[in-house]
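Asker: Quick check, what structure comes out for this input:
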Amino acid sequence: MAENLNYQVEGAIPYDYHPDNHARYGLLYSNEAAESACPAGWRLPLAEEVELLAESFGGSENAGGKLKIFGTEYWDAPNKYASNATGFSAKAGGAYYSEDLGFQHLGRWAIFWTATPAEDKNSNYHFSMQTSSPEFHIVASDFSERKLSVRCIKE
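Answerer: Next comes the predicted model:
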């Protein structure tokens, strides 16, 4: 899928609950919602598949830039190293962290769920890239309330 998922399911919200962000960046999904949000014939990628994608485009040090959509329409300036050489067209949809921390990183980070559960954590692995770097990260967190973007892959 070459755009952030925008399919309404329970547990999915637009950044700042604003309809313009819904249309522009897609929705942010809880871990549980992400696992059921992909349409029939599509699914969340495994962390291993995301790692292979990163390795195919320069590894964790460079793949982020090749996944980010070029320019500053969906990313804050400077959106360094963005080339979208992969056609992935990542948009910096930010994230929702918790009731206390709220929404953060719109225009600065693109963060997506994977289908791979993280050991000793309350959620799955996720992958990310940021506006000021060509890097690509695959990490896990303990933020069980976190809501992130979703990209689905064809089964």
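
Asker: Can you check which strand is longest in this structure?
Answerer: Ranked by residue count and defined by DSSP state E, the top strand of the chain is strand 109-117.

Asker: Check the offset of it from the chain's centre.
Answerer: 6 Å (CA atoms, centre = their mean, to the nearest Å).

Asker: Output the contacting helices and strands for it.
Answerer: helix 31-37, helix 47-56, strand 93-96, strand 124-130, strand 147-148 (3 or more CB pairs under 8 Å, 6 or more residues apart in numbering; DSSP states H and E). The way it works is simple: take the backbone N, C-alpha and C, and place the C-beta from them, glycine included.

Asker: Those: which one's closest to N84?
Answerer: Within these, the stretch nearest N84 is strand 124-130; the backing value is 11.3 Å (CB to CB).

Asker: for the residue sitting nearest the centre point of the chain, what are its contacts?
Answerer: Residue closest to the mean C-alpha point of the chain, counted by CA atoms, centre = their mean, is F112 at 2.4 Å. Residues in contact with F112 (CB atoms under 8 Å, 6 or more residues apart in numbering) are 90, 126-128, 148-151.

Asker: Closest to Y15 out of those?
Answerer: S149 (9.5 Å).

Asker: Which pLDDT value belongs to that closest one?
Answerer: In this model, S149 is scored at 97, pLDDT.

Asker: isn't G93 right next to A110, touching?
Answerer: Yes - counting by CB atoms under 8 Å, G93 does reach A110; the two are 6.1 Å apart.

Asker: which residues do these two both contact?
Answerer: S149.

Asker: Those two - which one has more neighbours?
Answerer: A110 (30 against 26; other CB atoms under 10 Å).

Asker: Next, the contact list for the more buried one, please.
Answerer: 67-68, 90-93, 128-130, 149.

Asker: related to what we said a few turns ago, partner residues bridging the residue nearest to the centre of the chain?
Answerer: Counting by DSSP bridges, F112 forms beta bridges with F127, S149.

Asker: any idea how far G102 is from it?
Answerer: Counting by CB to CB, to the nearest Å, the separation of F112 from G102 is 20 Å.

Asker: Equivalent analysis for S141, please.
Answerer: Going from S141 to G102 by CB to CB gives 16 Å.

Asker: Nice, that's everything, thank you.
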